[in-house]
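*Asks:* Sequence and predicted structure below; questions after.
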Amino acid sequence: MFIFAVLLFYILTIGGIFQLRRTRPDMPRPYRAVATRSSGPVYAGGCLIEILLLMNSPPSPFEADSGIAGVPVYFLWRRPAEDPAEKKDASS
């Protein structure tokens, strides 16, 4: 699932580049990329296809193991915090 998040942020980064180019055309560009107008959307489309393929694939052993390992962490995180007032009453 790490790759899913990475691909999602790649798509957001490409979208951000195009947003900046549209809203701030006068901003200095330190380098020029070849075929910027076509390579970005093609790459984002490839990332989107990969995300869809990942979502339709069966869970791998790593994902299953991560879910099993996450159960104790979930219950430790949800453990209610001690109320300071109760702690004070118990010590008196």
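*Replies:* Ah, there it is. Residues are numbered from 1 along each chain as shown.

*Asks:* hey, let's count contacts and neighbours off CA atoms from now on
*Replies:* Fine.

*Asks:* Any buried residues in stretch 31-44, and which?
*Replies:* Applying a neighbour-count criterion of 16 or more other C-alpha atoms under 10 Å, one finds Gly40, Ala44 buried in stretch 31-44.

*Asks:* same thing with stretch 49-61?
*Replies:* If you call a residue buried by 16+ other C-alpha under 10 Å, then stretch 49-61 has these buried ones: Glu50, Ile51.

*Asks:* so how far is Pro72 from Arg78?
*Replies:* In this structure, Arg78 and Pro72 are 10 Å apart, going by C-alpha to C-alpha, to the nearest Å.

*Asks:* Off-centre distance for the host helix or strand of Arg22?
*Replies:* The secondary structure element spanning Arg22 is helix 2-23 (assigned by DSSP states H and E). Using C-alpha atoms, centre = their mean, to the nearest Å, the mean C-alpha position of helix 2-23 is found 11 Å from that of the whole chain.

*Asks:* Same question for stretch 16-36.
*Replies:* 24 Å.

*Asks:* Would you mind measuring the gap between the ends of it?
*Replies:* Stretch 16-36 stretches 13 Å from its first residue to its last (C-alpha to C-alpha).

*Asks:* which residues touch it?
*Replies:* Surrounding stretch 16-36, not a single residue is in contact under the criterion C-alpha atoms under 8 Å, 6 or more residues apart in numbering.

*Asks:* Identify each buried residue in it, please.
*Replies:* Going by 16+ other C-alpha under 10 Å, stretch 16-36 has these buried residues: Phe18.

*Asks:* can you give me the mean pLDDT across it?
*Replies:* Looking at stretch 16-36 alone, the average pLDDT works out to 84.

*Asks:* Just say helix, strand or coil for Met27.
*Replies:* When states are read from DSSP: H, G, I helix; E, B strand; the rest coil, the local structure at Met27 comes out as coil.

*Asks:* Report the separation between it and Leu53.
*Replies:* Summarising the geometry, the distance separating Met27 from Leu53, computed by C-alpha to C-alpha, is 37 Å.
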